[in-house]
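Q: Just a sequence and a predicted model for now, questions to come.
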Amino acid sequence: MSAVNPMKAIIQSAVAIFVAFATLFGLAYVGVTSANNADLEPLSAIERYIVNETIYPDGKVVEIDEMTKIVKSQLIIDSASTADLPFNSSTATLAVLEAYTITPQGKKIAVQASAIRTVEDDNTQGAAFFSDQKHKIIVFPNVTPGSKTYYKAKLTTFKPILPGFFTTKFNFAPYVENQGFEYTLTYPEDQKLYVDTKGVSGGAEEVIGDGNKRMRFTYKNLKFSPKELLEVGLDDYAPHIYISTMANQAEFAKAYEAKIKDLVKVTPQVQKLADEITKAIKVPAESKPSDTVKEAKEKEAKEKETTAADKVAKAERELKQQQARAIYNWVSRNIRYVAIYLDDGSITPHDANSIIDNRYGDCKDHNALLIALLAAKGIKASSALINAGSSFAVPKYPVIGPFNHVITYIPAWDQYLDSTAEMAPYGLLPEDEVHKPTLITALGKIGRTPKPDMDLNRTITGMVMAIQKDGRIKGEAHSMYFGSAEIAARYKYEGLNTTLSEKIASTQLAKFRQTGEGKLKSTSVYNLDEPLTTDSKFTLDAVSNFPGPGAMTVPVGLAPGELASIANDRPPEAFTRPYRCATKMVNEAYLITFPSNVKVTHIPAETHYKKGYIQYDASYALDGDTVSVKRRLMVERPSAVCQPEELQKWKDFYQVFIKDMRGQIFYE
């Protein structure tokens, strides 16, 4: 699901320019204290951004935008030399009224008509994509550091995404220098608007005659502050202006349900497919007698307390769960993801029959078909709007965003499903959807996906290595994955049984600065009912000198190397904004056998750390020529979002952790 008034997103283009280059050069900022951030110079700035928007009695909306940007660095000349103004050609028209460059010497150079072009939506990410979104591309002449670019554009929206629904949404990023933003909204006197602002000035209603009212807002940000690693979305903390014609999220949910109700009906075609998918599923049989006397007595006592009606209800519930699983697996595997944003398709799915016929669709279509198929088996489900990015907040009033994705919710089991996450087994969600607020449209209420659980983001690895007399290491590893870790691993190892296998192995070795060769294999990444495991055999080149004397840390080989990855990810010095943080468990065990021509003289000391929600244990033992290593990290945070002050807890742990990971085995 993605529906954004295109011109409302224009201010974010300046953000995008900065973020793109922050990605390239941002590593220099990691570890820099907030005190030093004040010395950093932004690559560009918004000198002036003026938006005048008018709502007409017939529902038409006209928006006039004027944007002046200052180009401060040679680094962004290419990107700053163009402006990209998106619009939906089925619901709006866009005209560029004026555009020019002002050189550092003050000369104004107009943009030629031939340098303003309308182009189709560009799908550069490779996913199938159909859209009637278009773009006005302005190519500015003679842009150099110190230049300014200016354009004035008119957007006319003649069809809202929902009847009578108007919304405006501006977020202001602290990592964009904004020297002057002005927004004026003119609207009919009898139009009720709901306004929520933060960190901006203005907003008082003003009667201006001719049956109209007006509101004005202003904003400035002259203090540049770089984007921070892992920070949450702008919706969660940034200054903003949100305006809506709807009083609450329940009202939007009701309108959304009315929009899709005829599209998720149980048609004969839907019923036939649901019956076919679930035909092999039968009512669960009674379990076999227990093997032990104790278990038999416990079962007998429990059965006495269980009525016949309870047994029937339990069997029915188990049947429905199996049917839901089968339907979810079918949709996940058989409906190819294709983004379709035609007309009002940014929020409206296709009907279930057409989705079955075409065997493709986006998140709205996946959800619509799931709801219809589940209903065909007597299982009620609802759409659940969610943010699939880094935002965790829900606006006070309905605006387009931060909800940008739709998944499926089954109220009877308080269960969320996302069949677009094709590698997610039934009942599991990708990590970026954990502990997120949702709008459950059929119930008209705000819900929340399950909170972080380290058992649902867990990796277990066992590895056996034998060091040869020349220092080469021959080894085998076996890994199991659970929850979010399993989903990520399924994507990671998807090409393992193809010609990509060798590349996956070499990439894994290079990630931890190892050389050698090996092979990886896994259980089927596509069989969502089978746990995912991986096995590897490898030979590493010597990591230290043999026969010695020498010392070595514990090699990773072709194991996932979760702990080694964490060790390589040094935390920054400070955060000033809330940030995304993970809950996880990692278990790793190693048996390292040294050759007969060397003697192990020293192994690392045990490490035990437990403070707050972080626990880490590492133990080492020597038995003849074999060193055994056991490491376990458990991080169980109460939320998927951490506050800036919580970073210190991780930094304190990291110092203990990295010391252990650097621990060496000495031999001679």
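A: That came in fine, so what should we check first? Residues are numbered from 1 along each chain as shown.
Q: where along the protein do the helices fall?
A: Ranges of helices in the chain, per DSSP state H, are 10-25, 34-37, 77-80, 234-237, 249-260, 268-278, 293-305, 308-334, 352-358, 363-376, 484-492, 501-511, 562-567, 647-661.
Q: Of all those, which one comes closest to Leu633?
A: Minimum separation from Leu633 across the helices of the chain (Cβ to Cβ) falls at helix 562-567, 6.3 Å. For the C-beta atoms, the positions are set from N, CA and C on the backbone; glycine is no exception.
Q: what comes up buried for the closest one?
A: Of all the residues in helix 562-567, those buried under the rule 16 or more other Cβ atoms under 10 Å are Glu562, Leu563, Ala564, Ile566, Ala567.
Q: before we move on, what about stretch 661-668?
A: Buried residues in stretch 661-668 (16+ other Cβ under 10 Å): Met661, Gly663, Ile665, Tyr667.
Q: just stretch 455-462 next, same as before
A: For stretch 455-462, the neighbour count (16+ other Cβ under 10 Å) marks Leu456, Asn457, Arg458, Thr459, Ile460, Thr461, Gly462 as buried.
Q: Out of the buried residues of helix 562-567, flag the one nearest to Pro226.
A: Nearest member of these to Pro226, counting by Cβ to Cβ, is Ile566, at 24.0 Å.
Q: Now do that closest one, the pLDDT please.
A: At Ile566, the predicted lDDT confidence score is 96.
Q: just Asp569 next, same as before
A: What the model reports as pLDDT for Asp569 is 93.
Q: Distance check, Arg333 against Tyr426.
A: 12 Å (Cβ to Cβ, to the nearest Å).
Q: more crowded one of the two?
A: Neighbour totals were compared for Arg333 and Tyr426, and Tyr426 leads with 18 against 13 (other Cβ atoms under 10 Å).
Q: Chain neighbours aside, what residue packs nearest to that one?
A: Sequence neighbours aside, Arg325 is the residue nearest to Tyr426 in space, at 4.4 Å (criterion: Cβ to Cβ, 6 or more residues apart in numbering).
Q: Tell me how many other residues surround the one you found.
A: 18.
Q: Let me see the contact set for it.
A: Counting by Cβ atoms under 8 Å, 6 or more residues apart in numbering, Arg325 touches Tyr426, Gly427, Asp529.
Q: got those residues as a markdown table, with pLDDT columns?
A: Formatted as a markdown table, the contacts of Arg325 follow (pLDDT from 0 to 100):
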| residue | pLDDT |
| --- | --- |
| Tyr426 | 95 |
| Gly427 | 92 |
| Asp529 | 92 |
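Q: And those, which is closest to Pro188?
A: Gly427 (48.4 Å).
Q: ok, and the closest non-adjacent residue to that closest one?
A: Here the nearest residue to Gly427 in space, its sequence neighbours aside, is Gln415; by Cβ to Cβ, 6+ apart that works out to 6.2 Å.
Q: Around that neighbour, how many other residues sit close by?
A: Neighbourhood size, Gln415 [other Cβ under 10 Å]: 17.
Q: State the distance from it to Pro450.
A: 9 Å.
Q: How about Val270?
A: In terms of Cβ to Cβ, Val270 sits 29 Å off from Pro450.
Q: domain assignment for this structure?
A: Following automatic domain parsing, one finds the domains of the chain at 6-245, 258-448, 455-667.
Q: can you tell me the distance between the two ends of stretch 253-272?
A: Across stretch 253-272, the terminal residues are separated by 30 Å (Cα to Cα, to the nearest Å).
Q: Any idea how far that stretch is from the middle of the chain?
A: What separates the centre of stretch 253-272 from the centre of its chain is 28 Å, taken as Cα atoms, centre = their mean, to the nearest Å.
Q: Need the residues that contact it.
A: Contacting residues not belonging to stretch 253-272 are listed as 162-163, 165, 246, 274, 347-353, 356, 368, 371-373, 375-376, 383, 385, 439-445 [Cβ under 8 Å, 6+ apart].
Q: Check which residues of it are buried.
A: For stretch 253-272, burial by neighbour count (16+ other Cβ under 10 Å) applies to Ala253, Ala255, Tyr256, Glu257, Lys259, Ile260, Leu263, Val264, Val266, Val270.
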